[in-house]
Structures are given as structure tokens and as C-alpha cells.
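Visitor: Dropping a prediction and its sequence here:
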Amino acid sequence: MSKAKVLGLIPARGGSKGVFRKNIRSLCGKPLIYWTIKAAKSAEYIDRVAVSTEDEEIAEISRNYGAEVPFIRPPELALDHSLRNEVISHALKQLPGFDFVILLQPTSPLRTNSHIDEAFEIFLRSKAKSCVSVVEQHPSPEWIFSMNSNNRLERIKESTKSTNRQALPKYYSLDGSIYITSVQNFFDSPSIDPFTDDDVVPYIMPKKYSVDIDDEEDFKLVELKFRKPII
């Protein structure tokens, strides 16, 4: 049996709301997208690193750092309301012949090649349909409240357990760093999101590496983490 082929796909559109031209904004002296290209190109399991963008400047920068930009994304797939999975579907149709796709968003610059490889190994061993990176959440939902119409706090989740933090169950949220599935499952899954359907295994990202850059404060936070450094 021939070796399975793995596509590392980096979606990077030119427009952004929180930070102007976020994907090529300088972070520690390099464009934001550089850090994801670097991790993807160093990952053992990724055979090809491709960037999906509608933006010629992003395309040129990506090529300069060693990623392929084999097509230019249609403008209608680069709007604020464009769906992530439509972007992936378009890319996979442009690049046939891959068995697996690893989606790597450039807004997670602290994710390394080791994280990608570890996640893919967990995915393969589990025989699950997909694998996503997650991070443990604090505080637990038992400690989170909403406000009712009478301006009073209401728990969003009741718990029969002790309110001691150590006694509460652990909860996880998607951290946006790594999404893995087979190409077949991506196209065949009846789920609205093939990456988070009914058979998904987690890759638990260490909290210090888990960041999803959305605004100026996130950029400042990551700059501080790089200076420590943690990588």
C-alpha cells in the first residue's frame, strides 16, 4: 500500500475586521502567516503546504517563505460571511489526490510542527473520523453566569458536584490551531462540520501555546510569549 498523502492547507484572506491585513501583519519581525508556514513545512506528516488566498500580496509573501499558492481563491470565498468549509472544499477540488487534509489557520502562530505531528499520530491511532486541537477551559461552566431580564445572575449550568475547582469535570473548547480529517470524510460527512462530527478525537494543546489572534491585544500577548521564549 502506498503512503497516504497529506495536504497542509493554510487559509488566509486579505480582509479582516479586528486587525487590518492581519494575516501579514508583523509579529516578532515576520508576517503572521510565516509562523504557520514554518510549522507546516517542518511537520513530518505533511507532504505539501498550500495557501488559499484571494490576495496577491499574501500569495507572494507565502511563496517567499516556501509555501505553494497553486491557485487564487475566488473573491466570493473571501468575504466576511464566507464559510470555512466552502474554502476547504474549493481547495481540495483544486488539489486532488490527497488522502488527508490538515487545516492550519495562520491566527495560531504558537502552534509548532511537533504539535501538528502529535495530533496526526493521535488521529491515526484513534481511527476516528477527525481530530481537532482543544484547550482546557477555565473557569468551568458551573462558574459562568448569564443575566436575566430582572438584572439578576443565573448559572448557565447547574452542578451536583462540589464547587471546589479540583472536583469539577474538565471542559475543552476548540482552540483553532489544528483540524484534521480524511478527504473522503470531508466530502461524505452528513455533519454540518466534518471536523467536529460524531467521531472526533481531541488533541489537547498546552495552554501556553494556545492562542487565536483576533485583535490588537492578542498580538501584544503573543509578542510577550515569544520574548520569554516558550518555543
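Guide: Yep, that arrived.

Visitor: For residue 201, which three-state class applies?
Guide: Secondary structure, DSSP: H, G, I helix; E, B strand; the rest coil: residue 201 is strand.

Visitor: Residue 15 now?
Guide: Per three-state DSSP, the secondary structure class of residue 15 is coil.

Visitor: confidence score at it?
Guide: The predicted local confidence for residue 15 comes out at a pLDDT of 82.

Visitor: Could you find the closest non-adjacent residue to it?
Guide: If you skip the residues right next to it in sequence, residue 15 has residue 78 as its closest partner in space, 6.6 Å away by CB to CB, 6 or more residues apart in numbering. Yep, even glycine has a C-beta here, placed from its N, CA and C like the rest.

Visitor: Check what pLDDT residue 104 gets.
Guide: Model confidence at residue 104, expressed as pLDDT, equals 98.

Visitor: picking up where we left off before, who are the contact partners of the residue nearest to residue 15?
Guide: Residue 78 makes contacts with 13, 14, 15, 53, 54, 55, as judged by CB atoms under 8 Å, 6 or more residues apart in numbering.

Visitor: Could you tell me which residues within the longest helix along the chain count as buried?
Guide: Within the chain, and with DSSP state H defining each element, the longest helix by residue count is helix 113-126. Neighbour-count burial for helix 113-126, with 16 or more other CB atoms under 10 Å as criterion, is recorded at 113, 115, 116, 117, 118, 119, 120, 122, 123.

Visitor: before we move on, what about stretch 29-42?
Guide: Counting neighbours by 16+ other CB under 10 Å, stretch 29-42 gives 31, 32, 33, 34, 35, 36, 37, 38, 39, 40 as buried.

Visitor: And that stretch, how far out from the chain middle?
Guide: The chain centroid and the centroid of stretch 29-42 are separated by 14 Å, computed with CA atoms, centre = their mean, to the nearest Å.

Visitor: Apart from its neighbours in sequence, what residue is nearest residue 140?
Guide: The spatial neighbour of residue 140 that comes closest, neighbours along the chain excluded (CB to CB, 6+ apart), is residue 168 at 4.5 Å.
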